[in-house]
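Chemist: I would like to see how this sequence folds:
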Amino acid sequence: MIRTNFWSGLGTALLAVVLLAWLIPTYGGSGAAFGLPPQLLASLGAWLILGCSITLALISAVALLRRSAPFIVMPDVGHLWHMLWPFLYVLVFIFLVDRFPLTWIAPLLIGALLVILGERRWYLVLPVAIVPALGLYVLTAHLMR
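Modeler: Next up is the predicted model:
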């Protein structure tokens, strides 16, 4: 958990630096509300995020160094697959939705996820996969005309 805290702290610190250096100055807005610049609250929040995340990373780094634990540990293949399959699942369905209408792909998306998660009763998988897609079709084709 300490290793996770270290890398989370570094990632969050990087996000805060991006906020302070680019996003807030570029898209923070202009004008004044109650005599304060609109970027003030966002900047204060980003500085708070930066301080807390650097503190978390430093405390975790010290704990890792005291235990002589490595900062990077590669997971075994089974654990890596367990972490990777949800991203691949979403990527495949994004590819399919880009090529076919969502009302065609939604039953496959829902049904495949139910089967992957362990549901084997077809009389439960079928309506749970089809009813939301029918609702989406009715909403888009008939109600929004």
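Chemist: from now on I want contacts and neighbour counts done on CA atoms only, so please keep to that.
Modeler: OK.
Chemist: find the centremost residue of this protein, please.
Modeler: Note on the chain: the residue nearest the mean C-alpha position is residue 87, at 10.3 Å, using CA atoms, centre = their mean.
Chemist: before we move on, which element is it in?
Modeler: Assigned by DSSP states H and E, residue 87 belongs to helix 77-99.
Chemist: how about the helices in the chain?
Modeler: In the chain, the helices defined using DSSP state H lie at 2-18, 24-27, 39-67, 77-99, 102-116, 122-138.
Chemist: please name every helix or strand in contact with the shortest one.
Modeler: Judged by 3 or more CA pairs under 8 Å, 6 or more residues apart in numbering; DSSP states H and E, the packing partners of helix 24-27 are helix 39-67.
Chemist: packing partners of the helix it packs on?
Modeler: helix 2-18, helix 24-27.
Chemist: closest to residue 121 out of these?
Modeler: Among these, the nearest to residue 121 by CA to CA is helix 2-18 (38.1 Å).
Chemist: would you mark the buried spots in the closest one?
Modeler: Under the neighbour-count criterion of 16 or more other CA atoms under 10 Å, helix 2-18 has 2-3, 5-10, 12-13, 15-17 buried.
Chemist: put the alpha carbons of that helix into PDB.
Modeler: C-alpha atoms of helix 2-18 as PDB (Å, rounded to 0.1, in the frame of the first residue of the first chain):
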ATOM      1  CA  ILE A   2       2.900   2.300   0.700                       C
ATOM      2  CA  ARG A   3       4.100   1.900  -2.900                       C
ATOM      3  CA  THR A   4       0.700   2.700  -4.200                       C
ATOM      4  CA  ASN A   5       0.600   5.800  -2.000                       C
ATOM      5  CA  PHE A   6       4.000   6.900  -3.400                       C
ATOM      6  CA  TRP A   7       3.000   6.600  -7.100                       C
ATOM      7  CA  SER A   8      -0.500   8.100  -6.400                       C
ATOM      8  CA  GLY A   9       1.200  11.100  -4.700                       C
ATOM      9  CA  LEU A  10       3.500  11.600  -7.700                       C
ATOM     10  CA  GLY A  11       0.700  11.300 -10.200                       C
ATOM     11  CA  THR A  12      -1.500  13.700  -8.300                       C
ATOM     12  CA  ALA A  13       1.400  16.200  -8.000                       C
ATOM     13  CA  LEU A  14       1.900  16.000 -11.700                       C
ATOM     14  CA  LEU A  15      -1.800  16.800 -12.200                       C
ATOM     15  CA  ALA A  16      -1.600  19.700  -9.900                       C
ATOM     16  CA  VAL A  17       1.500  21.100 -11.700                       C
ATOM     17  CA  VAL A  18      -0.400  20.800 -15.000                       C
END
